[in-house]
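Colleague: Sharing a sequence plus its predicted fold:
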Amino acid sequence: MADRLPPRRPVRRLRPGLSLEILSPDAVRAVHQAALEVMARTGVRFPSARALAILADAGCRVDFERQIACIPPDVAMKAISCAPRRFVLGARDPADNLELDGEHCYLSTDGCGIEVYELAGGERRRSTRDDVYRSALVADYLDAIAFYWGPTVSAQDTPAATRPLHELEAAFLGTSKHVQPETIISAPIARYCVEMALAEVGSLEELRRRPIFSVMQCALDPLGQDGGSLEAALVAAEHGIPTGFMPMPMSCATAPATLAGNLVVTTVDALAPLVLVQLAYPGAPVFFAAAPTVMDLRTGGYTGGSPEDYLLGGAFNQICRFYGLPLSMGAMATGAKLPDWQAALDNTLSTLMPVLTGTAMLTGAGMLNGSKIFSYQQLIMDAEIYSVVAKVAEGIRVDAETLATEVIHEVGVGGNYLSHPHTLRWLREIWRPTVVDRSPYDAWEKAGRRGAYEAATDLAAKILAEHRPREVDPGVRREWKRILAAAARELEGTP
């Protein structure tokens, strides 16, 4: 490794050239029709008086006592038609803005872990606010990581009532990239987060143009939502903050055993809150999200890398393309306990499938044990996995320049291409590893038999020691401190 850390490279903006389809067009339409039927006949639980009132006013049949709304197909389809097909995930540094345009794919970290493997020594411990900052700092440096999701770990040393605000501040300080928390689960917290973002960007108009954070919520499968999350999403939508809901139905538990049945539940639980947001604020940026899986039949737990996961993820992306809306898909998040062979297998396959099916956002880098433990080494090795998948997904360009017939003629029989100008123009297109070892055996042995794990450890340590993100203005930091104090008084009862 070089003595000094190389400069941070621009965010990798993958535009896949290859494509893969799991479902036929007829199968996609069948899932869509089944989802509309379930929403209209069975209904979805919306445990929020405000949400139920919005749905009732739009013509939905609402049982206020049971908190269930049945959404007619015409209401659902009209609401879906209002959702924008393209929008921006902004960033503190506008150079890191991400265009959700149906063409690009972006990778993020995972969340919300509760433990961290220490970089030096590997001991496992509870996560803190400083871990949020440090994980964001490493993510900020890695070009494969386009935005920071989660937070990657929970700031368990801060008060629970205001913890999401501390985590958002730590993430903003650690990275200039877009931040997408999944812990904004009440209207008051959402309002304070909007205040923090306004302090950075300066105006509501600029925030709508460049939303530096977005909101990810989790559905309560099957066929249910969380009331606080719904109301937080409505606050976000009011201010132009992109929002999405992530169903995680598990076949045999919170979804039918069949994969098609799981897709119906996934579609309903992603679609229903989108309908609500569009009824309240037509044109608000909303994305789909999902992490469908199957139950581990031995333990009853999350599989985190089964072949069914890959099929469900790829198939649901086709369904999202049917609606013309971007998808955030859970990927990586291996069930392995260490950055080992299992982690590499799980995370390679779970990344390849959604990339080849055109998923806009992938969440999952850096976590082990089913998204419970954060590992710096795993984050860096996941970035390497993504770089390999990205290269494969680009496909092969075929034109006069790449066919190189004149070059072949010039070099001739038995020649060498190394010094030819054509080689110099194109050699940078060839994938090169960051931590994967390709050294000769003798050199590897002489260097101490070090592999990707050791190289990732060294790189993480160097990033933490030397890399610094785009600085936050001191005036903005003072305003964040004031906002956090106000939130503490309201939500914690602090004098």
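Modeller: That came through, no problem.
Colleague: Is it correct that S350 is in contact with M332?
Modeller: Yes: with contact defined as Cβ atoms under 8 Å, S350 reaches M332; the gap is 5.8 Å. For the C-beta atoms, the positions are set from N, CA and C on the backbone; glycine is no exception.
Colleague: okay, those two: which has more neighbours?
Modeller: Using other Cβ atoms under 10 Å, the more surrounded residue of S350 and M332 is M332, with 30 against 24.
Colleague: ok, the residue nearest to the more buried one when sequence neighbours are not counted - contacts?
Modeller: Across the structure, with Cβ to Cβ, 6 or more residues apart in numbering as the measure, the residue nearest M332 apart from its sequence neighbours is G364 (3.2 Å). Residues in contact with G364, defined by Cβ atoms under 8 Å, 6 or more residues apart in numbering, are S108, T109, D110, G330, A331, M332, A333, N347, S350, T351, S371, D382.
Colleague: among those residues, which one has the lowest pLDDT?
Modeller: In terms of pLDDT, the weakest of the contacts of G364 is A333, which scores 80.
Colleague: so how many other residues sit close to H409?
Modeller: Using other Cβ under 10 Å as the criterion, H409 is surrounded by 8 other residues.
Colleague: what's the answer for the one 4 residues further on, then?
Modeller: Other residues near V413 come to 5 when the count uses other Cβ under 10 Å.
Colleague: SS state for it?
Modeller: Taking DSSP: H, G, I helix; E, B strand; the rest coil as the rule, one finds V413 in the coil state.
Colleague: rewinding a little: give me the subset of the contacts of G364 that lies in strands.
Modeller: With strands defined by DSSP state E, the entries of the contacts of G364 inside them are S108, T109, G330.
Colleague: pLDDT score assigned to T299?
Modeller: So, for T299, pLDDT stands at 85.
Colleague: quick one: contacts for it?
Modeller: Listed by Cβ under 8 Å, 6+ apart, the contact set of T299 is empty.
Colleague: Kindly report the same for L5.
Modeller: If you count contacts by Cβ under 8 Å, 6+ apart, L5 has them with Y141, K462, I463, E466, H467.
Colleague: Please, where are all the strands along the stretch 251-400 of the chain?
Modeller: Counting by DSSP state E, counting those that start in this stretch, the stretch 251-400 of the chain has strands at residues 286-290, 293-294, 327-330, 361-365, 367-368, 373-374.
Colleague: returning to what we had before: could you check how far the residue nearest to M332 is from Q156?
Modeller: Separation of G364 from Q156 (Cβ to Cβ, to the nearest Å): 21 Å.
Colleague: still on that earlier bit, quick check: the residue nearest to M332 vs A343, distance?
Modeller: Distance from G364 to A343, by Cβ to Cβ: 11 Å.
Colleague: With E410 instead?
Modeller: Where A343 is concerned, E410 sits at a distance of 46 Å (Cβ to Cβ).
Colleague: For those two, indicate the residue with more neighbours.
Modeller: More crowded of E410 and A343, by other Cβ under 10 Å: A343, with 27 against 13.
Colleague: In contact with the more buried one, which residues?
Modeller: Contacts here follow Cβ under 8 Å, 6+ apart; on that basis A343 touches T334, A336, L368, Q378, M381.
Colleague: Apply 10 Å and report the result again.
Modeller: The neighbourhood of A343, defined by Cβ atoms under 10 Å, 6 or more residues apart in numbering, consists of 304-305, 332-337, 367-369, 375, 377-378, 381-382, 385.
Colleague: now the farthest one out in the protein, which residue is it?
Modeller: V413 (49.7 Å; Cα atoms, centre = their mean).
Colleague: what are the phi and psi angles of it?
Modeller: Backbone torsions of V413, given as degrees, to the nearest 10, read phi -70, psi 130.
Colleague: I figured D437 was touching A447, is that so?
Modeller: Yes: using Cβ atoms under 10 Å, D437 makes contact with A447 at a distance of 8.9 Å.
Colleague: and the lengthiest helix in the chain, which residues are buried?
Modeller: Taking residue count as the measure and DSSP state H as the definition, the longest helix of the chain comes out as helix 259-280. By neighbour count, with 16 or more other Cβ atoms under 10 Å as the criterion, the buried positions of helix 259-280 are 259, 261-280.
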